[in-house]
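Student: this one's structure only:
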């Protein structure tokens, strides 16, 4: 009972925090600002969009907050993994936040996103909560996949998030299937099929691309080029690391994936293009600060200087922080406060997630088939374990 | 018939030692009945044993190559550590992330008379390469009327549970490959076995899929002879003698089964434990002889029970020992669910499940 009240109180706190931050945002000016992207876009068989991006103070502040939240979540996941509260394989997104945030700013929740296993922050971007994330990471009942998926398998159906897939590159053909369904139902939405520079060398990607182009599907292939496919640098694995040109007959655009506004501009442009003309490839030039997964320290195949150089020069959060400060949209202290709030939110979500129970053992047998398999297995007491879905 | 097959298996292994026409340099290796027979040994773990075997394979045959995702840096499990430094980047190299490409490439390399040792980073990722293995590698010799083959091909892949691997780092896909005539499937249980069996697999004139129990990479430590030795394929080994029931398994599951045998002994049940080692073509005679002695059979594997290789063993042994069997063949296996994340302990065929099945089979 006491636990229940406590949980209700935490819930209320999170809610009020959310309300107050919305209020703060809505009072912020919505008058447009025009910002130049860090770098020009490079096009392949297409004229690139303008470098000048329309944004608002509200958008910049929310970019800052969302990215800070994502980063904090990933860093917390790192600690939870090391404390063995997260099991399974875990791939962190810190460094790449601008892609998730910029993409969301250009599209709606009716557009679909499908990605590989580095999926935590995409899920947050689609409207997933911290509690659902941490509970899923720790294999708890309140997780977005009922604790049955873990780090690599986040999904959010009502947010158009078709999830976290485990096999490198396998999600891209699925994305083209989603796009076909969208085109067939004429609902003017598109699918963003995301993959990494490592996956760009998988054969099925090209099969999918051919079908998407052949049938003019509204599919946007997003290559998140973080420059390392697991422990192998892109130049060791790809004859042409110009992934935006890899579609040959499919147009492409190279985008600074560390600049949320450039990502937004590119995704908006790509959506318009895809609805009219079919697929396009966006190569997001980005960087992951962590290793490939938790078993990779991330420092054996690249130098520490390289990592700290990217942090100093290209960090997506710092870029937005500078923009906010230079336009006088908030003070340094206010941004620090936002970071503190975010940290608190993350800590609270972790505490809540830890209270969430493991899924019921009967869940082991559910969802294998639509009506349950009726699996028979011998338990240690020789009684038959039988599970049939209700 | 089957006994001749076994002999062929042994013969095949010894022929390779001397002169599998691929290369004239594979002298110095020998086929051993038991690795203890051979000279100096050191206690090492399983990934180091694999590493030693790969060193020897490259050392003894200049036409041997090792490649796969990240192998140039030692691989995610450190099995290929030091190989690139020692043998150069032309023979030990990283590939892009494209399993179908890796295996297809390996088949071509092997078809030119080379020993292609390809690594698939996890057995769970072998499925993009399934077509290449099933349709290209396995049938190359047959459909070309023996003009071509890719006998020099060995595909290494870590398989099985690790305690927290989740859906895509834990699977045991061996049964899929046991349905494919034309390839061999080999799974070692320990460092000693791993070294000898891997060298045999590499030198075998048939394509081999070699699954390594990743749970044991660091966990299993054993005295392993430093020299070049091979262990025969298609020969099972009785690793524990008993009279009441025969237990058959392979790979990491054997240590779980052995614990169950020890427990059962406390209750006065004498278990015979057999390591199958090679799944196809498998050594039916050893299992048959054992079941004829004990009258009971239990098979255990991590892969789901339905359609698992345990089913094949059960059917074959029922055929051969029908009148001798005193109880139905028992299968203690993974459940018919995807490999679960948080439910791994429920899914796995644990010691207690095996013990329970031993008792119920013996008291049938």
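Tutor: Looks like it arrived, so ask away. These figures come from a predicted structure and were not determined experimentally.
Student: Nearest the geometric middle of the chain, what residue?
Tutor: Let's take chain A. Note on chain A: the residue nearest the mean C-alpha position is residue A:122, at 1.9 Å, using Cα atoms, centre = their mean.
Student: wait, I meant chain B there
Tutor: Centre-nearest of chain B using Cα atoms, centre = their mean is residue B:187, 1.1 Å out.
Student: For chain A, see how far away that residue is.
Tutor: 22 Å (Cβ to the nearest Cβ, to the nearest Å). In this view, the C-beta of every residue, glycine as well, is placed from N, C-alpha and C.
Student: what kind of secondary structure is the nearest residue to that residue once chain neighbours are set aside in?
Tutor: Leaving aside its sequence neighbours, residue B:187 sits nearest to residue B:251 (Cβ to Cβ, 6 or more residues apart in numbering or on different chains; 4.1 Å). Assigned state for residue B:251: coil (three-state reduction, DSSP: H, G, I helix; E, B strand; the rest coil).
Student: can you tell me which residues contact residue B:251?
Tutor: B:159, B:160, B:172, B:187, B:188, B:189, B:211, B:213 (Cβ atoms under 8 Å, 6 or more residues apart in numbering or on different chains).
Student: quick one, phi/psi of it?
Tutor: phi 60, psi -140 (degrees, to the nearest 10).
Student: That one and residue B:336: what is the separation?
Tutor: According to Cβ to Cβ, to the nearest Å, residue B:251 and residue B:336 sit 20 Å apart.
Student: What of residue A:304?
Tutor: From residue A:304 to residue B:336 the distance is 47 Å (Cβ to Cβ).
Student: Settle it for me: which of the two has more neighbours?
Tutor: residue B:336 (19 against 9; other Cβ atoms under 10 Å in any protein chain shown).
Student: I'd guessed residue A:166 sits against residue B:168; true?
Tutor: Yes: using Cβ atoms under 8 Å, residue A:166 is in contact with residue B:168, at 3.6 Å.
Student: Now do the shared contacts for these two.
Tutor: Residues touching both residue A:166 and residue B:168 by Cβ under 8 Å, 6+ apart: A:152, B:124.
Student: Can you name the residues that contact the residue nearest to the centre of chain A?
Tutor: A:93, A:100, A:113, A:115, A:154, A:161, A:194.
Student: In a helix, it, correct?
Tutor: Yes: looking at residue A:122 with three-state DSSP, it is inside a helix.
Student: For residue 173, give me its contacts.
Tutor: By default, I'm working from chain A. A:204, A:205, A:207, A:208, A:211.
Student: my question was about chain B
Tutor: B:123, B:124, B:126, B:127, B:159, B:303.
Student: Just the buried residues of these.
Tutor: Listed as buried from these are B:123, B:124, B:126, B:127, B:159, B:303; burial here means 16 or more other Cβ atoms under 10 Å in any protein chain shown.
Student: Just the ones in helices from these, please.
Tutor: Of these, none are assigned to helices by DSSP state H.
Student: Output those of these also counted as contacts of chain A.
Tutor: Near chain A, taking Cβ under 8 Å from any Cβ of the partner chain as the test, the members of the buried ones among the contacts of residue B:173 found are B:124, B:127.
Student: Is it possible to get TSV of the buried ones among the contacts of residue B:173 that adds distance to residue A:361 and pLDDT?
Tutor: Compiled in TSV, the buried ones among the contacts of residue B:173 are given as follows (distance: Cβ to Cβ, whole Å; pLDDT from 0 to 100):
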residue	distance to residue A:361	pLDDT
B:123	27	97
B:124	24	96
B:126	30	97
B:127	29	96
B:159	25	98
B:303	21	96
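Student: ok, the buried ones among the contacts of residue B:173 vs residue A:219, which is closest?
Tutor: Nearest to residue A:219 out of these is residue B:127 (Cβ to Cβ; 23.4 Å).
Student: Just confirm residue A:143 is within a helix.
Tutor: No: using three-state DSSP, the assignment for residue A:143 is coil, not a helix.
Student: How about the contacts made by it?
Tutor: A:132, A:133, A:135, A:136, A:137, A:149, A:353, A:356.
Student: any chance you could map the helices in the chain?
Tutor: As the question left the chain open, I've gone with chain A. Using DSSP H, the helices of chain A run over residues A:2-27, A:57-82, A:97-106, A:120-125, A:130-137, A:171-184, A:203-214, A:234-237, A:260-277, A:304-314, A:316-326, A:332-355.
Student: Correction: the question concerned chain B.
Tutor: B:2-19, B:46-60, B:83-87, B:99-111, B:130-131, B:140-143, B:174-177, B:191-203, B:216-219, B:253-266, B:284-294, B:309-321, B:344-347, B:351-362.
Student: is it true that residue B:216 touches residue B:256?
Tutor: No: in this structure, residue B:216 is not within contact of residue B:256 by Cβ under 8 Å, at 11.2 Å.
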